[in-house]
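*Asks:* Need coordinates for the below:
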Amino acid sequence: MRPAASYEQMKKTKLSHINIPVSIHIGQMETALNQEMDAIFGGGNQLFENGGQDFELKVTKADRLKLDVTTNAVAYEIPLNLLVKKDIGITKLNADGGIALKFKTSFSIQSDWTLNTETVLENYDWINRPKLDLGFIRLPIAAVADRIVDRSRTRIAAIIDAQIRENFILKDYVAEAWNRLQQPIPASIENQLWVKMDPQSIGMTALEKADSVVHATLVIKTLAQASIGTRPAETDLKPLPEFIAVDKLAEGFAINLFTAIPIDSLRTLVKKNIIGETYKNGKRFVTVEDLELYGQNNKLVVNTVLSGDYNGSVYMIGTPFFNEKNNQLEIDDLKYELSSKNFIQKTMGWLFQNKIEKAIEEAMRYPLEENMNEYKQILNEALANYAITPGIILKGNMKDLSIRETYVSETFIHVIIRLDGELELTLKDLAELNR
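*Replies:* Predicted structure coming up:
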């Protein structure tokens, strides 16, 4: 009885993780914000004019804005010089002073990867209180502070919010990394080796400060595979998924290297060694006239057509596997299909003493043109420092090579080889990327 042909769908391989370190240098943030503050406190100083008080107020920036980063917040200290003028009729009296405004910006990443900020003036400290005390004339210090606080509270806070959102855009570069990662990567044009990612999700850890740098890590979960042959067909880009907060980093990256052996080529190889072969026992004999290969689940069915003392087909089933040491496809444990086995044992035991199946096993050793260890080295060289775009660099190191599975389809035997190691993307400093 002819065994039925059947084919399993390839299983999804396990997800791999790409960690993408993201950094923002505090000094660059300070420089950008200082430029904004210079514009605010320069020129005509319109922010503090027309205060409705009986004194004039001139405010200039005393020193560089300083900031400190904590979890999901940035604190600013803006030191200001004050010049207070009070008209007493016959003349104007001047008083110098200094004050430090203390702002805090809380921020959060929204589901669409945009940055939501809220800046507030938390407090102020007098660096040097302006003094004007002539007995009958005293400078209203509280009124000076009130005007500075009232005018700064909303105007400067709004400018800081806008400046951060406009100059430190995370979404654009996350989206670019996400989209670029979906393009086939030419690991080796000469060897027609391609790497293709199928990203599934992306998230980010909380911001952390270390010395003068703020760090976070983007984490992409992806399926990754390498293939040999023509450039993989491009599929529609998956849109950037919603932001996910990541508590801890996951380790490990794996690329599944796919190669395929045409069943027709394997059949041609086996036929070359088997067709026309005659097997004898005394006066009785059979000759192999033809041979057919097809799949049953992930096993290979061998239909051997015989003539002689028996005319017809006998069926054997075995499991194809990749012999890493010899770099070739072989078939393991080739056995007669049950109905063929029962028939042979009852009527033809004189002939079949593992001769034909052993001959087919030996004939079905198909050397791969590609040496998998060489391809591991090619992948390592290609992924050592691959520029996806200027400023987005892919870095990887594939260490372990292991044979995973073989799949039998209608036209191919697919060999899946797993390469384990690490892979990460690196982004330039976000401040630089946003320039």
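
*Asks:* hey, which helix is longest across the chain?
*Replies:* Longest helix of the chain, by residue count under DSSP state H: helix 141-167.

*Asks:* continuing past that helix, what's the next helix or strand?
*Replies:* Using DSSP states H and E, the helix or strand that follows helix 141-167 in sequence is helix 171-181.

*Asks:* Just the CA trace of that following helix, in CSV.
*Replies:* This file holds the C-alpha atoms of helix 171-181, laid out as CSV (Å, rounded to 0.1, in the frame of the first residue of the first chain):
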residue,chain,number,x,y,z
LYS,A,171,10.0,58.3,17.9
ASP,A,172,11.6,59.1,14.5
TYR,A,173,14.8,57.1,15.3
VAL,A,174,13.0,54.2,16.9
ALA,A,175,10.8,54.0,13.8
GLU,A,176,13.8,54.2,11.5
ALA,A,177,15.6,51.4,13.4
TRP,A,178,12.4,49.3,13.3
ASN,A,179,11.8,49.8,9.6
ARG,A,180,15.5,49.4,8.6
LEU,A,181,15.7,46.1,10.6
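
*Asks:* so what strands line up beside the helix or strand just after it?
*Replies:* Using DSSP H and E, the helix or strand that follows helix 171-181 in sequence is strand 185-188. Paired with strand 185-188 in the same sheet, following DSSP bridges, are strand 193-204 (antiparallel).

*Asks:* Run through who's touching the strand it pairs with.
*Replies:* Contacts with strand 193-204, where a contact means Cβ atoms under 8 Å, 6 or more residues apart in numbering, come from 15, 22, 109, 174, 178, 181-182, 184-187, 216-229, 231-232, 238, 240-241, 243-246, 255, 375, 378-379, 382-383. (C-beta placed from N, C-alpha, C; glycine too.)

*Asks:* In helices, which of those fall?
*Replies:* Using DSSP H, the subset of these located in helices is 174, 178, 181, 375, 378, 379, 382, 383.

*Asks:* can you list those in a markdown table and add distance to residue 416, pLDDT and neighbour count?
*Replies:* As requested, those are exported to a markdown table (distance: Cβ to Cβ, whole Å; pLDDT from 0 to 100; neighbours: other Cβ atoms under 10 Å):
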| residue | distance to residue 416 | pLDDT | neighbour count |
| --- | --- | --- | --- |
| 174 | 31 | 85 | 21 |
| 178 | 26 | 89 | 21 |
| 181 | 21 | 86 | 24 |
| 375 | 13 | 80 | 23 |
| 378 | 18 | 86 | 19 |
| 379 | 15 | 85 | 23 |
| 382 | 20 | 84 | 21 |
| 383 | 19 | 83 | 21 |
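
*Asks:* Among the contacts of strand 193-204, name the buried ones.
*Replies:* Neighbour-count burial (16 or more other Cβ atoms under 10 Å) is assigned, among the contacts of strand 193-204, to 15, 22, 109, 174, 178, 181-182, 185, 187, 216-228, 232, 240-241, 243, 246, 255, 375, 378-379, 382-383.

*Asks:* shaky segments in the protein?
*Replies:* The chain contains residues with pLDDT under 70 at 12-13, 42-54, 87-91, 132-140, 167-168, 343-354, 370, 391, 404, 427-435.

*Asks:* Show the contacting residues for the closest residue to residue 262 other than its chain neighbours.
*Replies:* Among residues not flanking residue 262 along the chain, residue 412 sits closest, at 5.9 Å (Cβ to Cβ, 6 or more residues apart in numbering). By Cβ under 8 Å, 6+ apart, residue 412 lies in contact with 260, 261, 262, 263.

*Asks:* In helices only, show me the residues you listed.
*Replies:* residue 263.

*Asks:* Which member of the contacts of residue 412 is positioned nearest residue 125?
*Replies:* residue 260 (71.4 Å; Cβ to Cβ).

*Asks:* quick one: that closest one and residue 413 touch, right?
*Replies:* Yes: counting by Cβ atoms under 8 Å, residue 260 does reach residue 413; the two are 7.0 Å apart.

*Asks:* Just the buried ones from the contacts of residue 412?
*Replies:* Buried residues within those, counting neighbours by 16+ other Cβ under 10 Å: 261, 263.

*Asks:* so can I have CSV of the contacts of residue 412 showing distance to residue 359?
*Replies:* As requested, the contacts of residue 412 are exported to CSV (distance: Cβ to Cβ, whole Å):
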residue, distance to residue 359
260, 26
261, 20
262, 22
263, 19
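
*Asks:* among the contacts of residue 412, which two are most distant?
*Replies:* Spanning the widest gap among the contacts of residue 412 are 260 and 263, at 9.6 Å by Cβ to Cβ.

*Asks:* Would you mind listing the residues touching both of these two?
*Replies:* Taking Cβ under 8 Å, 6+ apart as the criterion, residue 260 and residue 263 both touch 412, 413.

*Asks:* Isn't residue 148 up against residue 97?
*Replies:* No: using Cβ under 8 Å as the test, residue 148 is too far from residue 97 to be in contact (10.3 Å).

*Asks:* Could you name every residue contacting both of the two?
*Replies:* Jointly contacting residue 148 and residue 97 under the rule Cβ under 8 Å, 6+ apart are residue 82.

*Asks:* Enumerate the positions of the helix or strand residue 74 falls within that are buried.
*Replies:* Assigned by DSSP H and E, residue 74 belongs to strand 73-87. Within strand 73-87, the residues that count as buried by 16+ other Cβ under 10 Å are 73, 74, 76, 77, 78, 79, 80, 81, 82, 84, 86.

*Asks:* What is the neighbour count of the closest residue to the last one other than its chain neighbours?
*Replies:* Spatially, and ignoring its direct neighbours in sequence, residue 86 is nearest to residue 55 (4.6 Å; Cβ to Cβ, 6+ apart). One way to gauge burial is a neighbour count; for residue 55, by other Cβ atoms under 10 Å, it gives 19.
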